[in-house]
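Visitor: requesting a structural model of the entry that follows:
(2 chains)
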Number of protein chains: 2
Amino acid sequence: MRRLHVLYGALKLLFPGGRAKPWSRLPSCRWASFRKDATLPDVNSFVARSKTCGELRSAHIGQEVTLCGWIQYKRHEQFVVLRDFQGLTQILIPQDEAASHLRKLFSDAPVESVVRVTGIVIPRPPGQENPKMQTGDIEIKAETAEVLNYCKKLPFEVKDFAKKTEALRMKYRYLDLRSIQMQYNLRLRSQVVMRMREYLCNHYDFVDIETPTLFKKTPGGAKEFVVPSREAGKFYSLPQSPQQFKQLLMVGGLDRYFQVARCYRDEGSKPDRQPEFSQIDIEMSFVDQDGILALIEGMLQYSWPKEKGLVKIPFPSITYDEALSIYGTDKPDTRFGMKIIDVSHILRNVDVGFLQKSLSEPYATAKAICIPQGAKYLQFKDLESLKELSKSQFNQFISCLILNGNMKSPLGKFLSEEQKAELIRTVKANVEDVVLLAAGQHKKVCSALGKLRLKSAELLEAKGLLLRDPSAFHFLWVVEFPLFLPKEENPEELEAAHHPFTAPHPLDEHLLYSDPRQVRGQHYDLVLNGNEIGGGSIRIHNAKQQRFILETVLKENTELLHHLLEALECGAPPHGGIALGLDRLICLLVGGSSIRDVIAFPKSFKGRDLMSNAPDYVDPQELEPYHVQVTWPLTEAKARTN
Amino acid sequence: MRRLHVLYGALKLLFPGGRAKPWSRLPSCRWASFRKDATLPDVNSFVARSKTCGELRSAHIGQEVTLCGWIQYKRHEQFVVLRDFQGLTQILIPQDEAASHLRKLFSDAPVESVVRVTGIVIPRPPGQENPKMQTGDIEIKAETAEVLNYCKKLPFEVKDFAKKTEALRMKYRYLDLRSIQMQYNLRLRSQVVMRMREYLCNHYDFVDIETPTLFKKTPGGAKEFVVPSREAGKFYSLPQSPQQFKQLLMVGGLDRYFQVARCYRDEGSKPDRQPEFSQIDIEMSFVDQDGILALIEGMLQYSWPKEKGLVKIPFPSITYDEALSIYGTDKPDTRFGMKIIDVSHILRNVDVGFLQKSLSEPYATAKAICIPQGAKYLQFKDLESLKELSKSQFNQFISCLILNGNMKSPLGKFLSEEQKAELIRTVKANVEDVVLLAAGQHKKVCSALGKLRLKSAELLEAKGLLLRDPSAFHFLWVVEFPLFLPKEENPEELEAAHHPFTAPHPLDEHLLYSDPRQVRGQHYDLVLNGNEIGGGSIRIHNAKQQRFILETVLKENTELLHHLLEALECGAPPHGGIALGLDRLICLLVGGSSIRDVIAFPKSFKGRDLMSNAPDYVDPQELEPYHVQVTWPLTEAKARTN
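Guide: Now for the predicted structure:
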């Protein structure tokens, strides 16, 4: 009795006719096959035009074409420039008597009116071609035209790129979207995301799975919008990420999951945040950190537009500790140098009281950054502002050495010539540089100098010294974060540095039970030009370990996570994943000034939609089915004084 | 001065370095270009296995492989069947002393535990191949193995397909997802949607744009979930569709928009509805009804899995009036006949009082359906149940003619032989058929017979007579819906049949001002096998017409739609679109019994997530920032009695 009668015969019953193909025959796990790409009709066969405004060239001369678009420009009752999403085409209005109705039609139609024009493609007269215009070799001699919609006087000119406040842009977003910047940003976003999908779904057979957005509060999940349900007192919650669902999908054996996930976070008024945002959400089974890193590097290389330069992989990586020591931050901008350099060995020997006092603190250090040509470009008030910034934000005193031929600095007096020379050698300073020095507790010193590094780069760039190539993209992995951090309000207690599902570093697992503060997590952040654009981790797949961390280390109530803990007991595979912030990534890619530049209908920094005026008052009757009522602050106040 | 100095020189400033390519040079409007598909590493290079459990064949014999998966089956301490998303592979545990640790390891690991096995691919002994198993020619002789996670006793067996209640499946959804049905459904869904994306984004340059889900209430928009904001009394609303945004995108010149849009509708407890659902949301500028229909037909043909048969295009179409007359519904199941046939000309001459009375009602008619072999398959109680159904749901009396050799029916007595013959000829009845007759008001008669048509098909199929091929897909367009319908609560007033943005039929535009009830709309529904799977319309682009319809015809307060009305005045192009219900479409495609079978984490019919227990109670403190409090029904009741 050697043979196994596997149950797959039974599947025939479930999928009669053999139409389903449950376990694919091919290494590529296609569960369906599709027709070879048939010849599809031209897109213009669906619409009222024969060509777009961007595609006509000399080769089309002599053809009759129909264009639809917006009047961008009119001149001398003879020329109209028509615009659509793809470009501009010049229309020539014949000046003969037979065309007088066309002249009147265009004369009556204000700029930004929508028209349809039929005419013949003709060459422009020699010498009058416009090389700056894609269609600049030709124009359309109009035969017939029709105004499809008249446009009223607009609050701003669509072609007037510069002169709009952001509030006006937001209020009339549908006009702002006509600008070439917004057209470019939204189209590039769509195409980059499509490339990511091709990489993940077509090449790597990830399954695109939509997860619910009506969920429940996660433990400690402040910042979650609530949605009242029809059951009195019960609320859904709009999740900050599909974290639990993606892990449960791995327990469910989906192996590789992917989603462009809508996420929600109620952060009140924070600049450049949005109450709803999108992330490229990924999870894989049987994967380790290197696997996720390689997958994402490949994805970004694959989906990066050629025009933006080649993405070189693998990306460099740096540990959290190194990032803090060298750049004073866990999201270093590695497009420029000015690294933080340890000068403790020099300053420990300098006999200045406050210095010695600082260096006697626990975890004390002395560090420096060198501002290239700082002495040439930065003024006294600039340096004062840097020192002030450090004082106010970090309570960290900064010594400033101006290397302008000789060393101007109060501290300079106390340094021997040899110490001066060694300091200059150590920080690799040149004539006309400025050296900023700080002594004290390691983390504070590094954070302060890290901030000053960025601030002085800004100052130098404002004066015309380019430090950071705006067309360069420097990716960096930051790894080996601490797993837990002391709670700000009570440093005796610990909280998860990222989230409580992150697995400990394999080398540190034993420390979980003895010294959890020393445990590094298998968490990784992806940084681009000094911005965190993604983060992820290998997750805990062992129910006991997860329970220990939740209950004993973090003192969380595990009741809310009962389903997840139980799932880990039911054959959960090792798994890990990542989420990339799509809005931020695309914003950096297009060089936008805010994520609002890559979102079709963004909210203001107060979370308002200035176009539709959302959020808005709601009839109390409409709240009744949800068993909630508004607690008006005024009424509250009144009630309290009574 | 003939030359136009078009402003595009200025764009160079906005996109320095020429890296942006604003108006593409090609008819295909690629705004970015991408590297030619490089050779990408194998997916298994990212993970801890070298092969999946579905891909090994005789060609791999002799190779050392590492598999990861779940223990599906164990037998005789000698065989283990390992399962992953892609298939099953049999592991052979050597029986020699050196492998005793492997025997112990597998013996200790319960079914559904997760293991990693390394071994050599060997052929199965001759005669012991399993042709029902994709990998049935080989097995893996285990060398090393590791239990990655033990599985506790499960509430149900993963391979036990039949014996789960739906509530249990929902509670342990992560286990249910391991079933081959759910794996198939979710993977097929992902791949079909990816094909749709390729069709829309790659072939037709649609722009995939994410629109907000934190919006505001639409006028008359009952059924919308509200989300309290931090501004007292102000609420966001979770939109039922991106209708306004997609129209505004067209005003914004995006030309073609597409999104797999998450939509929300609070319908309480309705079977086979979900509080959140997904639709393929599409909008185009300068398009007419035929354009949208052709686009969608092409998309469904393109994205339909080969295994499900070729989708023939164009789809047949039928007007709303025809659908009602012939099928008694606006979503006809055209997989089978049994059409409703007019027999007024015969019954008008039959001298029966109640018949004459029915036929004297306004819009009166007499109609019939012929149930093939009804006399053979249906029992007396079946026919009684049909009559009862018509009576209770439509208050419509049904006469029943049983053609069993002679005509058995109370009505039969009143028919002349000639009338009988003509009736049989008209409804094309055969011996052993049953004819159901109804007389009265047209709409009521048709609706009742339409319902009986479906019900009798069900009855016949339950008795083994197959009327509807379960593998057939019959698409049908329903067009020319009325634009307005009388309000149920007050038939003197009108409401929009679909939504107030639907454009009137061009031939009926003049009736808007004289007889709006007669106006047909440019709305179209897509029906598949009797299920509405999509709907859309050409929209109103004229602000005056939109305002007239909202204010004068529908008596709506236009204040809430101010932004949309203003947008229509700012150069809105003619536009139209459609939305397909993705969950329903995929459910029909895979032959699921409910849309819950194609959603990874569905809610119960009461809107509950049985796995996580959402929605749930929330600490009153957490509601404070949102200025809402719960109105407990009990407290309310108490307050009223006091």
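
Visitor: after the least confident helix or strand in chain A by mean pLDDT, which helix or strand is next?
Guide: None of the helices or strands of chain A scores lower by mean pLDDT, DSSP states H and E than helix A:11-14, at a mean of 35. Using DSSP states H and E, the helix or strand that follows helix A:11-14 in sequence is strand A:64-75.

Visitor: that following strand packs against which elements?
Guide: Strand A:64-75 sits against strand A:79-84, strand A:87-92, strand A:114-123, strand A:138-149, with contacts defined as 3 or more CB pairs under 8 Å, 6 or more residues apart in numbering or on different chains; DSSP states H and E. In this view, the C-beta of every residue, glycine as well, is placed from N, C-alpha and C.

Visitor: skipping its backbone neighbours, what lies nearest the closest residue to chain B within the stretch 101-250 of chain A in space?
Guide: Closest contact between the stretch 101-250 of chain A and chain B, by CB to the nearest CB, is at A:L177 (2.9 Å). Nearest residue to A:L177, sequence neighbours excluded (CB to CB, 6 or more residues apart in numbering or on different chains): B:G252, at 2.9 Å.

Visitor: I figured the one you found hits A:S179, correct?
Guide: No: judged on CB atoms under 8 Å, B:G252 makes no contact with A:S179 at a distance of 9.3 Å.

Visitor: more neighbours: those two, which one.
Guide: For B:G252 versus A:S179, neighbours defined as other CB atoms under 10 Å in any protein chain shown are more numerous around B:G252 (29 against 20).

Visitor: what does the stretch 251-400 of chain A put close to chain B?
Guide: Those residues of the stretch 251-400 of chain A that sit near chain B, judged by CB under 8 Å from any CB of the partner chain, are A:251-256, A:260, A:262, A:264, A:266, A:268, A:275-276, A:278, A:284-288, A:291-292, A:294-295, A:298, A:301-308, A:310.

Visitor: domains for chain A, by residue range?
Guide: A:58-149, A:185-317+A:475-597, A:336-462 (the TED database).

Visitor: hey, which of these is tucked in deepest?
Guide: When neighbours are counted by mean count of other CB atoms under 10 Å in any protein chain shown, the highest per-stretch mean among the domains of chain A falls to domain A:185-317+A:475-597, a mean of 20.

Visitor: contact partners for A:P219?
Guide: The contact partners of A:P219, by CB atoms under 8 Å, 6 or more residues apart in numbering or on different chains, come to A:500, A:556-558, A:560-561.

Visitor: now it, what's its secondary structure?
Guide: coil (DSSP: H, G, I helix; E, B strand; the rest coil).

Visitor: one step back: just tell me which of the domains of chain A ends up closest to B:S360.
Guide: domain A:185-317+A:475-597 (46.8 Å; CB to CB).

Visitor: what's the first-to-last distance across that closest one?
Guide: End-to-end distance of domain A:185-317+A:475-597 (CA to CA, to the nearest Å): 7 Å.

Visitor: how about the contacts made by A:I340?
Guide: Neighbour list for A:I340: A:325-328, A:367-369, A:446, A:449-450, A:453 [criterion: CB under 8 Å, 6+ apart].

Visitor: ignoring the adjacent residues along the chain, who's closest to A:T52?
Guide: The nearest residue in space to A:T52 (CB to CB, 6+ apart) is A:Q86, at 4.2 Å.

Visitor: can you give me the strands for the stretch 101-250 of chain A?
Guide: Secondary structure of the stretch 101-250 of chain A by DSSP state E, counting those that start in this stretch: the strands cover A:114-123, A:138-149, A:207-208, A:226-228, A:234-237.

Visitor: now do the longest one against strand A:79-84, angle only.
Guide: With axes from the mean of the first three to the mean of the last three CA atoms, to 10 degrees defining the directions, strand A:138-149 sits at 70 degrees from strand A:79-84.

Visitor: partners of strand A:138-149 in the sheet?
Guide: In the sheet, strand A:138-149 lines up against strand A:87-92 (parallel), strand A:114-123 (antiparallel) (DSSP bridges).

Visitor: mind giving me TSV with these and columns for distance to A:R517?
Guide: Converted to TSV, the strands paired with strand A:138-149 look like this (distance: least, CB to CB, whole Å):
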stretch	distance to A:R517
strand A:87-92	60
strand A:114-123	65
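
Visitor: make TSV out of these and add mean pLDDT and distance to A:T218.
Guide: TSV is the format used below for the strands paired with strand A:138-149 (pLDDT from 0 to 100; distance: least, CB to CB, whole Å):
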stretch	mean pLDDT	distance to A:T218
strand A:87-92	96	48
strand A:114-123	98	48
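
Visitor: please name the residues that touch A:P212.
Guide: Counting by CB under 8 Å, 6+ apart, A:P212 touches A:239, A:245, B:276, B:601, B:603, B:609.

Visitor: just the terminal-to-terminal distance for stretch A:302-322.
Guide: Stretch A:302-322 has an end-to-end distance of 29 Å (CA to CA).

Visitor: where in chain A is pLDDT low?
Guide: Scanning chain A for pLDDT under 70 picks out the ranges A:1-31, A:37-38, A:160-162, A:220-222, A:269, A:405-408, A:634-642.

Visitor: select the longest helix from it.
Guide: If each helix of chain A is counted by residues according to DSSP state H, the longest one is helix A:442-462.

Visitor: show me what the helix or strand that comes right after that helix packs onto, helices and strands only.
Guide: Where DSSP H and E defines the elements, the next helix or strand beyond helix A:442-462 is strand A:475-479. On a contact count with 3+ CB pairs under 8 Å, 6+ apart, strand A:475-479 meets helix A:289-303, strand A:317-319, helix A:320-327, strand A:523-528.

Visitor: neighbouring strands - and their directions - for the helix or strand that strand A:475-479 is followed by?
Guide: With elements assigned by DSSP H and E, the helix or strand that comes after strand A:475-479 is strand A:484-486. With DSSP bridges as the test, strand A:484-486 is paired with strand A:494-496 (antiparallel).

Visitor: what's the first helix or strand after the partner strand?
Guide: Downstream of strand A:494-496, the next assigned helix or strand under DSSP H and E is helix A:511-514.

Visitor: got the contact list for A:P573?
Guide: Neighbours of A:P573 in contact, by CB under 8 Å, 6+ apart: A:250-251, A:253, A:285-286, A:541, B:68, B:70, B:114, B:148-149.

Visitor: pull up the gap between A:L401 and A:I346, please.
Guide: As judged by CB to CB, to the nearest Å, A:L401 and A:I346 stand 12 Å apart.

Visitor: for A:K606, same thing?
Guide: 50 Å.

Visitor: got it, and A:G581?
Guide: Per CB to CB, A:G581 is found 41 Å from A:I346.

Visitor: and the angle for the helix or strand that A:G534 is a member of with strand A:523-528?
Guide: Element membership for A:G534 (DSSP H and E) is strand A:531-538. Strand A:531-538 and strand A:523-528 are oriented at 160 degrees to each other (the same axes, to 10 degrees).

Visitor: shared neighbours, A:L401 and A:I346?
Guide: With CB under 8 Å, 6+ apart, A:L401 and A:I346 have common neighbours A:L423.

Visitor: what residues does the stretch 501-642 of chain A put near chain B?
Guide: So the stretch 501-642 of chain A meets chain B at A:541-542, A:563, A:567-574, A:590, A:599-601, A:603, A:607, A:609, A:611-618, A:622-633 (CB under 8 Å from any CB).
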